[in-house]
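**Student:** Build me a model:
(chains A, B, C, D, E and F)
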Protein chains: 6
Amino acid sequence: MTERPTALDLPPVEPLPDDVAKYFRICEEKLGMVPNVLAAYAFAPEKLRAFSDMYNDLMLAESALSKLEREMIAVAVSSVNKCFYCLVAHGAAVRQLSGDPALGEAIAMNYRVAPLTPRQKAMLDFAVKMTEASHRIEEPDREELRRHGFDDRDIWDIASVASFFNMTNRMASAVDMRPNPEYHAQAR
Amino acid sequence: MTERPTALDLPPVEPLPDDVAKYFRICEEKLGMVPNVLAAYAFAPEKLRAFSDMYNDLMLAESALSKLEREMIAVAVSSVNKCFYCLVAHGAAVRQLSGDPALGEAIAMNYRVAPLTPRQKAMLDFAVKMTEASHRIEEPDREELRRHGFDDRDIWDIASVASFFNMTNRMASAVDMRPNPEYHAQAR
Amino acid sequence: MTERPTALDLPPVEPLPDDVAKYFRICEEKLGMVPNVLAAYAFAPEKLRAFSDMYNDLMLAESALSKLEREMIAVAVSSVNKCFYCLVAHGAAVRQLSGDPALGEAIAMNYRVAPLTPRQKAMLDFAVKMTEASHRIEEPDREELRRHGFDDRDIWDIASVASFFNMTNRMASAVDMRPNPEYHAQAR
Amino acid sequence: MTERPTALDLPPVEPLPDDVAKYFRICEEKLGMVPNVLAAYAFAPEKLRAFSDMYNDLMLAESALSKLEREMIAVAVSSVNKCFYCLVAHGAAVRQLSGDPALGEAIAMNYRVAPLTPRQKAMLDFAVKMTEASHRIEEPDREELRRHGFDDRDIWDIASVASFFNMTNRMASAVDMRPNPEYHAQAR
Amino acid sequence: MTERPTALDLPPVEPLPDDVAKYFRICEEKLGMVPNVLAAYAFAPEKLRAFSDMYNDLMLAESALSKLEREMIAVAVSSVNKCFYCLVAHGAAVRQLSGDPALGEAIAMNYRVAPLTPRQKAMLDFAVKMTEASHRIEEPDREELRRHGFDDRDIWDIASVASFFNMTNRMASAVDMRPNPEYHAQAR
Amino acid sequence: MTERPTALDLPPVEPLPDDVAKYFRICEEKLGMVPNVLAAYAFAPEKLRAFSDMYNDLMLAESALSKLEREMIAVAVSSVNKCFYCLVAHGAAVRQLSGDPALGEAIAMNYRVAPLTPRQKAMLDFAVKMTEASHRIEEPDREELRRHGFDDRDIWDIASVASFFNMTNRMASAVDMRPNPEYHAQAR
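**Tutor:** Residues are numbered from 1 along each chain as shown, chains lettered A, B, ... in the order given. This is a model prediction of the structure:
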């Protein structure tokens, strides 16, 4: 954390509140680093908590979508938005969770050429349409998901994850958030 | 809440947890309604809490941006994304907070013709560029904000609000969220 | 008419020719105002006459399209072009003619979420496609209208109204035409 | 006029009213043909009159813009909209009025490579911006025209002609209007 | 060749190597001119050879696509890219090979209104989709070509020609390559 | 080469001509593989030769642009076109030639966030503008390159490489060309 994680001069509060300090220690232990997105939010612990709560609910909590599927959405959305931070961090996650480095690359570059199941393809088509032109989503788009076996709760989850990364992609680009270098070599 | 607030069949948990029930009662008292976005999330109280925490921090907590300015960003972003729900709900907020119905309309329709200060115009230009093509944001865009007197914390706040509505716009469109009819006539 | 109706310095001819003066008196009586688009043209009565003749033929003369349907096209087209003047003036007309304020808002913001009949939806899909990418119109687009019960004369009328507002939207934006403030509160 | 001038089955009224019949005879004499756009409107003489009145005022009446300049705007706008009818008919007009066949081609294909004066370039830049994204027109765009010597009346005229062809381009594409074959070889 | 064929100051090598000098003499004899694209490359004979070899293989060598069909692809692609040089040179080729001046114009302006066979339409739809958004090409796009009777070698050839003109269009625009004036009047 | 390198059924000629067989052996020795783009062309040796000649001239022959700079252009262009094959193959080349894995990733994802010199940034801005909208290139774009020290020959080379990858990107996407898996782990 010696280099600034973004283009903005917003240093972390000192000292970090106990819960944040503990969270960062867990990150260090489990990931070998504090992801820069968390470091970036450390200037405002209440914002960090709100972000983490939403992130953890969407990406880690129970859902009929597997963690890999949620990361696939994250990467496909980030590819449309050309968000360097999220493509690097979540591309690594797809490689890791899938054990398939080429899959992570394909979704980061153009999910249409990735070897996906029709169900996964439908899921990413919806997420990408939401990203490119959400105002064009109509009932037939939701029906298409249902035809692939997604129920209404699944649709909510797909939509939520896709929406969330449309937020974080823009935040990362707006402040020039820089991914931790460790991600690049992971799971290649 | 007799009509579904979205196109999805996701009824609220019954009974609502105490904190949620209390939150909804406060909404009824203060706003005369429970905004449909909250009703929509009521199927999953932990998601509702994560959403509300982030919303309240961004839109209501302390910031050098006034509440009106934050609502102006919400509306300008929602206009690009053509999000009916957010334009209706936050358009009403701009009309109310500004006491200027025509201003709310102008920002909802095309902020470029609205009577804005140069500082507000720069703020909305940045928010709209983030919405249309966040990957094109570069240092000169942030410099432009600084030239209008925004400091790095302000830039974070502008970026956060703009990012947040890029999330909610897409969520609302993806599930066809319908605004409470009460908004339409407010502050005209 | 004390404030200029556009960003251009083009004062009305003085005195107004009799037919124009009479036309403006009728506007005042029936609408309570002279719409700024007419005031803007008053520097050149022959242009005002050409504009009014075309407008009146398209929007008021006999057609299988109801006046409400023609106004719906006006608003859907103006929404794509983000024309403040036309959205304000014709949004008011949709609210008035339909008696449904939310309908006017929905079409102004994103007609895809408005509660339309399939026939109206097809009509607006055609008008919007003409607006966004007229060169992509092919015979199947006209066929689709015929399948919804429109005959060739109706297609001409839909196309004419959509085309006309693609003209007026651009004219209004090019000269920064400002809607009369009276519209904002009408039929809310 | 044995072949239909559009994809719609809208035959001319029979007999043509005297003024229309006379207008068509003059066209035959002066141009060697009745332009198909007029033939297309002949099913409804009052529409034909409204169209002709506006066309004649914009393209033939007195203006500080030369007839060639107005035709250049027509062609540059029609190029953006990829309108076959208008590119053919007005491309011929540019070739004829300028005596420079290559100029007509260049404006029809990409006005940016045409050998234009800075004043003409500014005029077409404005017309093309109005065509591509009229909602992005702001005061600096009008100022740029003024810097090239256009006064406010000239700006109105540029905007009017550009707007008009955004109407006719869409009308022609919507009904598949077909240009008279005579245009192709003219002034080559 | 007295005027520069592009905006760059890159004069031909002197003397031209024998093979190039011979090639240019053949052009003069057969076409009455050395096409400016070749003159432009004459500063670097090895680049000229590489370009000519690829061009000749794609456009003149044996293929199930007729020379006219290949020129139609060239023009449809160049129309999307608004490349003045290629539209002029290859528009002339379509007029010449088809004996139908209006066909050349229609494809240069908007191939969707040209009188094409369904097979030709499918071919150009594919070429244009490749030009506008190649990343959206998926197996159904290739299947559509097969349904119109194209085999896999034909698909390769369609794709190759469309790709090649996406190269030359950009090259021509990047260096402002100017078409020989002779083309304009050819085959009108 | 047991799996098809594209979605098309176009097997290599058998036996391969001597020069092609030798070329492929050299590839195997130097790269450890025959790049699939070459395998794809092996059904038509004359096409393979034309492609290789142009490729080798552009990417390997003498130029004031370093090989790394040419690969950077390749990747930046391929990123706009979302070409999986070229991003994988040339992304590896940037990583290898620069010794900087993060640089390759950044250019593949969004070159605007990569740590580039102003000269490299100008070079990629030009290449990307050519890719996104070549018809908008005008003299000031070339002037900008000259201001960064590029001479007219350099501009030709930048334009040639950018144009070439606009060809290969489209070819690769049109036939679903699949990158050799070896690339993914290289130079990470």
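**Student:** Tally up the residues packed near whichever residue of chain A sits closest to chain D, please.
**Tutor:** Chain A approaches chain D most closely through A:His135 (15.4 Å), counting by Cβ to the nearest Cβ. C-beta coordinates here come from the backbone N, C-alpha and C atoms, glycine included. Per other Cβ atoms under 10 Å in any protein chain shown, the neighbour tally for A:His135 reads 20.
**Student:** That one contacts C:Ala106, doesn't it?
**Tutor:** No - A:His135 is beyond contact range of C:Ala106, at 11.8 Å (criterion: Cβ atoms under 8 Å).
**Student:** hang on, the earlier thing: contacts only, for the residue nearest to the residue of chain A closest to chain D when sequence neighbours are not counted.
**Tutor:** Excluding the flanking residues, the one nearest A:His135 by Cβ to Cβ, 6 or more residues apart in numbering or on different chains is B:Lys82, at 3.6 Å. With contact taken as Cβ atoms under 8 Å, 6 or more residues apart in numbering or on different chains, B:Lys82 is in contact with A:Ser134, A:His135, B:Ser173, C:Ser79, C:Met109, C:Asn110.
**Student:** tell me the secondary structure for the second one?
**Tutor:** So the one you mean is A:His135. helix (DSSP: H, G, I helix; E, B strand; the rest coil).
**Student:** Would you quantify the distance from A:Met123 to A:Ile107?
**Tutor:** A:Met123 is 11 Å from A:Ile107, where distance means Cβ to Cβ, to the nearest Å.
**Student:** Same check on A:Met167?
**Tutor:** According to Cβ to Cβ, A:Met167 stands 19 Å off from A:Ile107.
**Student:** In terms of neighbours, single out the busier of the two.
**Tutor:** Counted by other Cβ under 10 Å, A:Met167 and A:Ile107 do not tie: A:Ile107 has more neighbours, with 30 against 23.
**Student:** Which element, helix or strand, includes the more buried one?
**Tutor:** Element membership for A:Ile107 (DSSP states H and E) is helix A:101-110.
**Student:** how about the longest helix belonging to chain A against chain C, any contact?
**Tutor:** Longest helix in chain A by number of residues (criterion: DSSP state H): helix A:152-175. No - Helix A:152-175 lies apart from chain C when judged by Cβ under 8 Å from any Cβ of the partner chain; the minimum separation is 15.1 Å.
**Student:** got a list of what A:Ala40 touches?
**Tutor:** Counted by Cβ under 8 Å, 6+ apart, A:Ala40 has contacts A:Pro5, A:Thr6, A:Leu10, A:Val175, A:Met177.
**Student:** in chain A, which residue is closest to the centre?
**Tutor:** A:Ala74 (4.1 Å; Cα atoms, centre = their mean).
**Student:** number of nearby residues for the residue lying closest to that residue once chain neighbours are set aside?
**Tutor:** Excluding its sequence neighbours, the residue lying closest to A:Ala74 (Cβ to Cβ, 6+ apart) is A:His90, at 4.2 Å. As a burial measure, A:His90 scores 29 neighbours (other Cβ under 10 Å).
**Student:** A:His90 and A:Ala76 touch, don't they?
**Tutor:** No - taking contacts as Cβ under 8 Å, A:His90 lies outside contact range of A:Ala76: 9.7 Å.
**Student:** what's near enough to touch the residue in chain A positioned nearest to chain C?
**Tutor:** Relative to chain C, the nearest point of chain A is A:His135 (4.9 Å; Cβ to the nearest Cβ). A:His135 is in contact with B:Asn81, B:Lys82, B:Cys83, B:Ser173, C:Asn110, C:Arg112, counting by Cβ under 8 Å, 6+ apart.
**Student:** Check the separation of the first and last residues in stretch A:97-114.
**Tutor:** 16 Å (Cα to Cα, to the nearest Å).
**Student:** And for A:Ala61, the neighbour number?
**Tutor:** Residues near A:Ala61, counting by other Cβ under 10 Å: 12.
**Student:** Could you find the closest non-adjacent residue to it?
**Tutor:** B:Glu46 (7.4 Å).
**Student:** Assign a three-state SS to that neighbour, would you?
**Tutor:** Secondary structure state of B:Glu46, per three-state DSSP, is helix.
**Student:** State the distance from it to F:Ala39.
**Tutor:** Taking Cβ to Cβ, one finds B:Glu46 at 52 Å from F:Ala39.
**Student:** Give me the more crowded residue out of the two.
**Tutor:** Relative neighbour count places F:Ala39 above the other of B:Glu46 and F:Ala39, with 22 against 13, counting by other Cβ under 10 Å.
**Student:** residues contacting A:Leu10?
**Tutor:** Contacts of A:Leu10 (Cβ under 8 Å, 6+ apart): A:Ala40, A:Phe43, B:Asp152, B:Arg153, B:Trp156.
**Student:** so how far is chain F from it?
**Tutor:** Distance, A:Leu10 to chain F, using Cβ to the nearest Cβ, to the nearest Å: 18 Å.
**Student:** and that residue, helix, strand or coil?
**Tutor:** coil.
**Student:** Need phi/psi at it.
**Tutor:** In this entry, A:Leu10 is assigned phi and psi values of phi -130, psi 80 (degrees, to the nearest 10).
**Student:** now swap in A:Gly99 and tell me
**Tutor:** Dihedral angles (degrees, to the nearest 10) for A:Gly99: phi 60, psi 20.
**Student:** Check it and give its pLDDT.
**Tutor:** Turning to A:Gly99, the model gives it a pLDDT of 97.
**Student:** ditto for A:Glu3
**Tutor:** On the pLDDT scale, A:Glu3 gets 82.
**Student:** near chain E, which residues of chain A show up?
**Tutor:** By Cβ under 8 Å from any Cβ, the residues of chain A that approach chain E are A:Asn110, A:Arg112.
**Student:** ok, which stretches of chain A are strands?
**Tutor:** Using DSSP state E, chain A contains no strands.
**Student:** Show me the shaky parts of it.
**Tutor:** Within chain A, the ranges that satisfy pLDDT under 70 run A:1-2.
**Student:** Would you indicate which residues of stretch A:113-122 are buried?
**Tutor:** A:Val113, A:Ala114, A:Leu116, A:Gln120, A:Lys121, A:Ala122 (16 or more other Cβ atoms under 10 Å in any protein chain shown).
**Student:** and the residues you listed, which of them are in helices?
**Tutor:** Short answer: the buried residues of stretch A:113-122 in helices (DSSP H) are A:Gln120, A:Lys121, A:Ala122.
**Student:** Just give the closest residue to the last one, not the sequence neighbours.
**Tutor:** So that's A:Ala122. Excluding its sequence neighbours, the residue lying closest to A:Ala122 (Cβ to Cβ, 6+ apart) is A:His148, at 4.3 Å.
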